[in-house]
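Colleague: next come a sequence and a model predicted from it.
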Amino acid sequence: MKRVDRYIARAVLVGSVLALAALLAVNFVVDLAHFARKAAHYDMAMDVALLRAVLVVPRRIYEFFPTALLLGGLVGLGGLAARNELLVLRGFGWSIYRLAASVLWVGVPVSLMVLALGEYGVPAAERALKAAGGGAVSVGRAGDLWIREGRRFINVARVLPGRTLEGVWVYDFGEGLLLREVVWIHRARYDESRGVWHLRSVIRNRILDGRIEQERFRTQEWEHLVQPTTLDLVAEEPERMPARRLAEYVNYLRANGLDPGRYEVALWSRLVNPFTVLPLLAMAVPFSFGPLRKAGAGQRLMAGMVVGVVFHLVREAFSNMAVIYDWAPWVGTLLPFGVLTGIAVWMLRRAN
């Protein structure tokens, strides 16, 4: 990378960091107030509210980074244009495409970093956030659930779509917290129409008078295992799941004849959305030579917010329509991205 490339990239990156910091600061105050109200309602310590607000920050970074980079591009390039530095580069023979390439030096590595954040950092923070809530349900470091219902303790390795559990250990205690029974369940699925749990591959160990009696069942039905509403509280939303887990869920749903539409759309969004910032950054270059060249920082920020909000609304609308109208899963994600890329290329060609 040449010195001029680094200079342009630094201007965009500094503006992006400042914009992201401002967005995070505003939302941190809102999240802190929200968790403080919940802490007061459930008689929890205020430091728990502060911890939960901090744990939301990785998710906010993932959500806000496209808008922050767009704002950083507009502010950084706008400042260079206002000082006629971009015109000097044009005079030395730099084309619009060459300037756009310098800007994208920032977008590509940052997009990869945010993709990694969404794949590893955000899910870990979400698990810690649920664990910080306390109560009868907690989340282990490996993402497993611990649920307490009276004298019964339940450990669930995986929660699958459709109120389905895999790798379930059930520990029943009697008086004086003496262990009475340990049950291993390979898979459990809740039948909402009948209000029962269908169990598969069950190993039941009863502790009686100092000895253990073991029974094995291929299938069983239990009227009560876990409250379905409890699972709904801790179930992961597809939009917040890592790509590897989404891929597993999609394969599971297909294998069981279930509709994977929402999870497929979420999987495509998880992979494509971090790179939507690239055409947004490219659009900032022709804007810097157009009406925003003489505009102030406030006007550039407002223009960036409008573009970012409009694109976010269009993207969400296409994602929802892909699920509702059973479109191909890539349509809801790649079509808005393709249209935005086409607009960015058209604007670059006009400004060149």
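Modeller: In hand now; what should we look at?

Colleague: list the residues that contact the spatially most central residue of the chain.
Modeller: What sits nearest the mean C-alpha location of the chain, by Cα atoms, centre = their mean, is residue 240, with 3.4 Å. Neighbour list for residue 240: 59, 122-123, 126 [criterion: Cβ atoms under 8 Å, 6 or more residues apart in numbering]. Backbone N, C-alpha and C define where each C-beta goes, glycine included.

Colleague: quick one: low-confidence residue ranges for the stretch 1-150 of the chain.
Modeller: 1, 42-43, 130-143 (pLDDT under 70).

Colleague: tell me where the stretch 51-200 of the chain has helices.
Modeller: All helices of the stretch 51-200 of the chain, identified by DSSP state H, counting those that start in this stretch, fall at 57-82, 85-91, 96-116, 122-132.

Colleague: distance of the residue nearest to the centre of the chain from residue 62?
Modeller: 9 Å (Cβ to Cβ, to the nearest Å).

Colleague: quick one: the helices in the stretch 251-352 of the chain, in order.
Modeller: Ranges of helices within the stretch 251-352 of the chain are 261-272, 277-289, 297-324, 331-351, based on DSSP H, counting those that start in this stretch.

Colleague: okay, these in a markdown table with distance to residue 188 next?
Modeller: Output for the helices of the stretch 251-352 of the chain, formatted as a markdown table (distance: least, Cβ to Cβ, whole Å):
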| stretch | distance to residue 188 |
| --- | --- |
| helix 261-272 | 20 |
| helix 277-289 | 42 |
| helix 297-324 | 27 |
| helix 331-351 | 32 |
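
Colleague: of these, which stretch is the most buried?
Modeller: Highest mean neighbour count of the helices of the stretch 251-352 of the chain: helix 277-289, a mean of 25 (counted as mean count of other Cβ atoms under 10 Å).

Colleague: what is that one packed up against?
Modeller: Under the contact definition 3 or more Cβ pairs under 8 Å, 6 or more residues apart in numbering; DSSP states H and E, helix 277-289 sits against helix 57-82, helix 96-116, helix 297-324, helix 331-351.

Colleague: please name whichever of these is nearest to residue 51.
Modeller: When the helices and strands packed on helix 277-289 are compared by Cβ to Cβ, helix 57-82 sits nearest residue 51, at 11.1 Å.

Colleague: could you give the angle of the closest one to helix 96-116?
Modeller: 170 degrees (axes from the mean of the first three to the mean of the last three Cα atoms, to 10 degrees).

Colleague: specify the residue ranges that define each domain of this protein.
Modeller: When the chain is parsed with automatic domain parsing, its domains come out as 3-134+240-351, 137-237.

Colleague: closest one to residue 18 out of the contacts of residue 240, please.
Modeller: Once Cβ to Cβ is applied, the member of the contacts of residue 240 that ends up nearest residue 18 is residue 59, at 20.4 Å.

Colleague: contacts only, for that closest one.
Modeller: Here residue 59 is in contact with 122, 125-126, 240 (Cβ under 8 Å, 6+ apart).

Colleague: what do you get for residue 344?
Modeller: Contact analysis of residue 344 by Cβ under 8 Å, 6+ apart lists 279-280, 282-283.

Colleague: what do you get for residue 199?
Modeller: Residues in contact with residue 199 (Cβ under 8 Å, 6+ apart) are 185, 187-188, 217, 219-222, 225.

Colleague: residue 217 versus that one, what's the distance?
Modeller: Taking Cβ to Cβ, one finds residue 199 at 7 Å from residue 217.

Colleague: any common contacting residues for those two?
Modeller: The overlap between the contact sets of residue 199 and residue 217 (Cβ under 8 Å, 6+ apart) is empty.

Colleague: ok so, going back, which neighbours do residue 240 and residue 62 share?
Modeller: Residues touching both residue 240 and residue 62 (Cβ under 8 Å, 6+ apart) are residue 122.

Colleague: picking that back up, now the two most distant members of the contacts of residue 59.
Modeller: Longest span within those, Cβ to Cβ: 125 and 240, 10.0 Å.

Colleague: and stretch 87-107, which residues are buried?
Modeller: Under the neighbour-count criterion of 16 or more other Cβ atoms under 10 Å, stretch 87-107 has 89, 94, 96, 99-100, 102-107 buried.

Colleague: longest helix anywhere in this structure?
Modeller: In the chain, with assignment by DSSP state H, the single longest helix is helix 3-41.

Colleague: filter the contacts of residue 199 down to the buried ones, PyMOL style.
Modeller: Buried subset of the contacts of residue 199, written as a PyMOL selection, criterion 16+ other Cβ under 10 Å:
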select buried, resi 185+187+188+220+222+225
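
Colleague: just the contacts of residue 199 now: which is nearest residue 289?
Modeller: Of all these, residue 289 sits closest to residue 187, with 60.2 Å by Cβ to Cβ.

Colleague: now do the contacts for that closest one.
Modeller: So residue 187 contacts 164-166, 199-201 (Cβ under 8 Å, 6+ apart).

Colleague: what about these, which one has the most neighbours?
Modeller: Neighbours here mean other Cβ atoms under 10 Å. Within those, the largest count is held by residue 165, at 23 neighbours.

Colleague: quick check, pLDDT for the closest residue to that residue other than its chain neighbours.
Modeller: Nearest-residue entry for residue 165: residue 188, 4.5 Å, with adjacent residues in sequence omitted and distances by Cβ to Cβ, 6 or more residues apart in numbering. In this model, residue 188 is scored at 92, pLDDT.

Colleague: could you do residue 275 as well?
Modeller: 85.

Colleague: wait, it sits on residue 111?
Modeller: Yes: with contact defined as Cβ atoms under 8 Å, residue 275 reaches residue 111; the gap is 5.1 Å.
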